[in-house]
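> Make a model of this:
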Amino acid sequence: MHSISYIFFELKKIGVREIEIVLYGLKMSFWNGNEKSPIFVGPWGGEGGSPWDDGVYATTRQVEVVHGAAIDSIRIEYHKKGSSVWSEKHGGNGGTKTDKCGVVKVGPWGELKPQNLRDIEGIPTQLTKIIIRYSGCIESIKFQYVADGVAKWSSTWGSESGSTAEIDLGNNHYLTAISGYYGNYFGYIVIRSLTFVSTMGTHGPYGPKEGTAFSLPVKAGKVVGFFGRAGQWLDALGFYLKPTLA
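This next block holds a predicted model:
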């Protein structure tokens, strides 16, 4: 059995080269909680424009992008000492559309073939209920989430077989960590086991701890939804994460 540990990196700052009209490149730094200094990645893009750097903050809450035929400008909302801090606008005044990226997708873990994809409608902001079916693997997952202020149910991703467990988070609780195993099950790569940790306690494990281990601790946010792959069983699972104030 091989074990793989995954560390949730928090976005600390973004640096971009800018000119009057569009952005030319992108550079980011991350912090995994164990290093003495941030981990830098990038830059990606061209060499034009003037560099900028917002510095290091506790975490990044959302990114606002103005674009048209290219990315015209970007602003980032950070969290510092309990308060929201917006960066200056980096870039020009052009652009016809503004997007705000406050929820990110992480993963999935499990089968990575681009088949039997499963996802939800809208941008989730809260996860309220999870229904798991399990036996020698995770047979299926179904969950209730809130998007655009409306409570919605996903379809059942997988089969209706196996034992059933329900996690009712309601409106006041949320997930703080998820771990599990994926591996071979009758010739298919599937999710074998899942364990959820919420503000109420630990739920699971559901299914046997066999295969390759994965884990997702969430330090500055919460899980607000899922995506993945499913056929007869739950083949892969990824997570929607929403940053929150510490």
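
> Any idea how many residues pack against residue 170?
10 (other Cβ atoms under 10 Å). The way it works is simple: take the backbone N, C-alpha and C, and place the C-beta from them, glycine included.

> Surely it is in contact with residue 128?
Yes. Counting by Cβ atoms under 8 Å, residue 170 touches residue 128, with 6.2 Å between them.

> Can you tell me, leaving aside adjacent residues, what's nearest to residue 221?
residue 243 (4.4 Å; Cβ to Cβ, 6 or more residues apart in numbering).

> no no, residue 207
Residue 207 sits nearest to residue 193 (Cβ to Cβ, 6+ apart), 3.8 Å away.

> hmm, back to that, is it correct that the residue nearest to residue 221 is in contact with residue 62?
Yes. The criterion here is Cβ under 8 Å, and residue 243 meets it with residue 62 at 7.2 Å.

> circling back to that earlier point, just list whatever residues bridge to the residue nearest to residue 207.
Counting by DSSP bridges, residue 193 forms beta bridges with residue 181.

> Please work out the average pLDDT along stretch 185-201.
If you average the pLDDT over stretch 185-201, you get 96.

> ugh, wrong one, I meant stretch 213-223
On average, stretch 213-223 scores 87.

> before we move on, the earlier item: check the spacing between the residue nearest to residue 207 and residue 137 real quick.
Separation of residue 193 from residue 137 (Cβ to Cβ, to the nearest Å) stands at 8 Å.

> got it, and residue 113?
17 Å.

> More neighbours: which of the two?
A count of neighbours by other Cβ under 10 Å puts residue 137 above the other of residue 113 and residue 137, at 29 against 11.

> hang on, that one packs against residue 233?
Yes. Assessed by Cβ under 8 Å, residue 137 is found in contact with residue 233 at 5.3 Å.

> Name the residues contacting each of these two.
Contact with both residue 137 and residue 233 is made by residues 185, 190, 191, according to Cβ atoms under 8 Å, 6 or more residues apart in numbering.

> For those residues, pick the one with the most neighbours.
Going by other Cβ under 10 Å, residue 191 tops those with 32 neighbours.

> Show the contacting residues for it.
109-110, 137-138, 180-182, 207, 233-237.

> Okay, and which of those residues map to strands?
Of the positions in those, 109, 110, 138, 180, 181, 182, 234, 235, 236, 237 sit in strands, assigned by DSSP state E.
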